[in-house]
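Student: Starting from these lines, generate the structure:
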Amino acid sequence: MKTVSTSLAALGVAAFVLAAPLAVRAQDDDGDHDRARDLYERGEIEGLADIMAVVRAKAPGEIVAVDLIRAGGKWIYRFQVVAADGRRRIVDVDAGAGGVLSGEGDH
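Tutor: This is a model prediction of the structure:
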């Protein structure tokens, strides 16, 4: 019985980790998640779901992380994408306009 409950606990942890890889981290001052929501509600940035389609077209693979950063007077979504062959790519998207700014080469 102990083995079954240990296995179920491990499955629960794995499900939680796999279900939440796309939390947007606002990397400014205090890292406040509310800032990203406020910016979206005020219309200063596009919704993450809309931007993800653009990123997937530019860099197919699994999006493993998303950061919201301030650079050059703009809010930028920075996506980390892992391709099927294991290569990691960084794709920057203007969070206000929704256009791809850059995509670093494979890592």
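Student: following the strand or helix carrying Arg89, which helix or strand comes up?
Tutor: Arg89 belongs to strand 88-94 when assigned by DSSP states H and E. Of the helices and strands lying after strand 88-94 in sequence (DSSP H and E), the nearest is strand 100-103.
Student: can I get the CA coordinates of that next one in PDB?
Tutor: Once non-C-alpha atoms are left out, strand 100-103 reads as follows in PDB (Å, rounded to 0.1, in the frame of the first residue of the first chain):
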ATOM      1  CA  VAL A 100       8.300  39.200 -33.200                       C
ATOM      2  CA  LEU A 101      11.400  41.300 -32.400                       C
ATOM      3  CA  SER A 102      14.100  38.700 -32.500                       C
ATOM      4  CA  GLY A 103      14.800  35.000 -32.200                       C
END
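Student: Counting by contacts, list what that strand packs against.
Tutor: Applying 3 or more C-beta pairs under 8 Å, 6 or more residues apart in numbering; DSSP states H and E, we find strand 100-103 packed against helix 48-58, strand 88-94. Bear in mind the C-beta positions are built from the backbone N, C-alpha and C, glycine included.
Student: pLDDT weak spots in the chain?
Tutor: In the predicted model of the chain, residues 1-32, 103-107 satisfy pLDDT under 70.
Student: for it, what spans make up the helices?
Tutor: Ranges of helices in the chain, per DSSP state H, are 2-19, 33-41, 48-58.
Student: which residues touch stretch 75-87?
Tutor: 24, 39, 44-45, 48, 51-52, 55, 59-70, 88-96, 101, 106-107 (C-beta atoms under 8 Å, 6 or more residues apart in numbering).
Student: Gly72: neighbouring residues, count only.
Tutor: Residues lying near Gly72 (other C-beta atoms under 10 Å) number 7.
Student: Ramachandran angles for it?
Tutor: phi 60, psi 30 (degrees, to the nearest 10).
Student: State the distance from it to Asp92.
Tutor: 11 Å (C-beta to C-beta, to the nearest Å).
Student: what do you get for Leu48?
Tutor: Leu48 is 14 Å from Asp92, by C-beta to C-beta.
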